[in-house]
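> Quick one, what's the 3D model for this:
(one chain, ligands or ions: 1)
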Amino acid sequence: MATVLVYIDNPGDSLHKTDRELLTLARILGTPAAAFIGELSPAVAEELGTFGVSSVYQPSTPGLDELLVAGKAAFLSAAASATQAAAILLGNTFEAKEIAARTGIRLASGVITDAVAVSEDFQVTKSVFAGSYTVQATVTSGTPIVTVKANSVEVQPAPEGCVPETHTVDVDVPAAAARITSRIEKAASGRPTLDEAQVVVAGGRGVDGNFGPIEDLADVLGGAVGASRAATDAGWIEHAAQVGQTGKTVSPRLYISAGISGAIQQKSGMQTAKVIVAVNKDADAPVFEIADFGIVGDLSTVLPQATEEIRKRKG
Ligand SMILES: Cc1cc2nc3c(=O)[nH]c(=O)nc-3n(C[C@H](O)[C@H](O)[C@H](O)COP(=O)(O)OP(=O)(O)OC[C@H]3O[C@@H](n4cnc5c(N)ncnc54)[C@H](O)[C@@H]3O)c2cc1C
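Okay, here's the model as predicted:
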C-alpha cells in the first residue's frame, strides 16, 4: 500500500487530537508514516504505533523550530521524497497551510486546503467561495498535499499496533530562512484551542461588549470561545478568536452562534460545523438560514438559561 505521510509538529508528551485524526485518515488511505518535528518521547512513539505508524522520519538538523516555516517545509519535502509518499496530510492551521504551500512549491505538487473529507482515490471534499459551494477537488500534478480541518475524521486506532522505527532525513535548510529571536508564551486559558475544539460558542456584536455568557456556556460544554469580526474589531476579545474569512476556519461538532448576524464572511469560517445553533433576537437574521436549531431571543437571557440547565443535568 502507498505511504501516506502525516506532518506532526511538536506534540509534546501526547499526540494532539488533530494528529490522531490525520493518522486515522492516513491509515484509511494507505500506510501511515510520520514526518515528525520535535522531541519524540517514548509515550508518543508508542501512541504512533497504536495508529499503525511503522516509520517515523525526523530531520537531521536540530533546531528547525527556530526557523519559522521555511525549515519545516524543507524537512517535509525531503521526508516526502525519502518515503516516496503518495500523499501528504497536514492540519489546517495558518502555519500548516503555509508549510503545505512551500512544500508544494518544492515538490512541484498541488495543494488543497480546508479539506473536510478525503476519499481513497485522494478526491478531496471542501467548501469554496466563502462556503457557498461544496466541491470535490483532485490534485493533478505531483504528490497530493492536503490540509484537513479538525473534527473531519473519527479517531480510530489501527486494529493491530506496531513499534515504529525512526529514520533520519537530511534537510537542506535555506540559508535565508527567517529565524525566531524571542518567544512569549501565551497564558493557558484551560479551554481547547479554537481550531481543534469539538464545541465552539461564538459571540458577535450582539454581546455588546460582554463575553461572560459566551464564556460560561463554552466552559460548561468544554468548548472554545469564538467571535465575529465585529466583536474582535471592537476589541471585546482577541483577534485570535475571530472565525471567518479573515479569521479561523473551524469545523466543530457543535457551533453555537450568539448575537451574530451570519454575514457570508462569518459563515465561510463555520459553515462545515456538524450542528449549528443560532441565538439571535432578529428572526430574519441570515444566520438562521444555515442553522440546524434557531432560538429567537436575547442572548443575555437565553445563554445563561442554557448554561444553568446543562450544569444541572451534568449534576
Ligand atoms: C473582506 C472582509 C472580510 C471579513 N472577514 C470576516 C471574518 O473573518 N469574520 C466575521 O465574522 N466577519 C468578517 N467580516 C465582516 C462581516 O461582513 C460582518 O460585518 C460581521 O461578521 C458582522 O459581525 P456580527 O454578525 O457580530 O455583527 P452584526 O452584523 O452587527 O450583527 C449583530 C447581530 O446580533 C444580533 N443581536 C443584537 N443584540 C442581540 C442580543 N442581545 N441577543 C441576540 N442577538 C442580538 C442582531 O440581531 C444582529 O443579527 C469581513 C468583511 C469583509 C469585507
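> State the next helix or strand along the chain beyond the helix or strand of the chain with the lowest mean pLDDT.
Across the helices and strands of the chain, mean confidence by mean pLDDT, DSSP states H and E is lowest for strand 124-128: a mean of 91. As assigned by DSSP states H and E, the chain's next helix or strand after strand 124-128 is strand 133-137.
> mind checking how far that next one is from the chain centre?
Here the centre of strand 133-137 is set off from its chain's centre by 19 Å, with C-alpha atoms, centre = their mean, to the nearest Å.
> Give me the buried positions along it.
Neighbour-count burial for strand 133-137 flags Ala137 (criterion: 16 or more other C-beta atoms under 10 Å). Placement of C-beta: from N, CA and C, glycine included.
> What of stretch 110-128?
For stretch 110-128, by 16+ other C-beta under 10 Å, it's 110-118, 122, 124-127.
> Between its first and last residues, how far does that stretch reach?
17 Å (C-alpha to C-alpha, to the nearest Å).
> can you tell if that stretch touches the ligand?
No: applying C-beta under 6 Å from any ligand atom, one finds stretch 110-128 separated from the ligand by no less than 13.7 Å.
> can you list contacts of that stretch?
Stretch 110-128 has contacts (C-beta atoms under 8 Å, 6 or more residues apart in numbering) with 25, 28-29, 86-87, 89, 92, 97, 100-101, 103-104, 133-142, 144-149, 152, 249, 251, 268, 271-272.
> Mind doing that once more with 7 Å?
With contacts defined as C-beta atoms under 7 Å, 6 or more residues apart in numbering, stretch 110-128 is touched by 25, 29, 87, 92, 97, 100-101, 104, 133-142, 144-149, 152, 249, 251, 271-272.
> Are any of these buried, and if so which?
25, 29, 87, 92, 97, 100-101, 104, 137, 139, 144-149, 152, 249, 251, 271-272.
> Just these: which are in helices?
Leu25, Leu29, Lys97, Ala100, Ala101, Gly104 (DSSP state H).
> Verify the contact between the first one and Leu89 for me.
The reference is to Leu25. Yes: judged on C-beta atoms under 7 Å, Leu25 makes contact with Leu89 at a distance of 6.2 Å.
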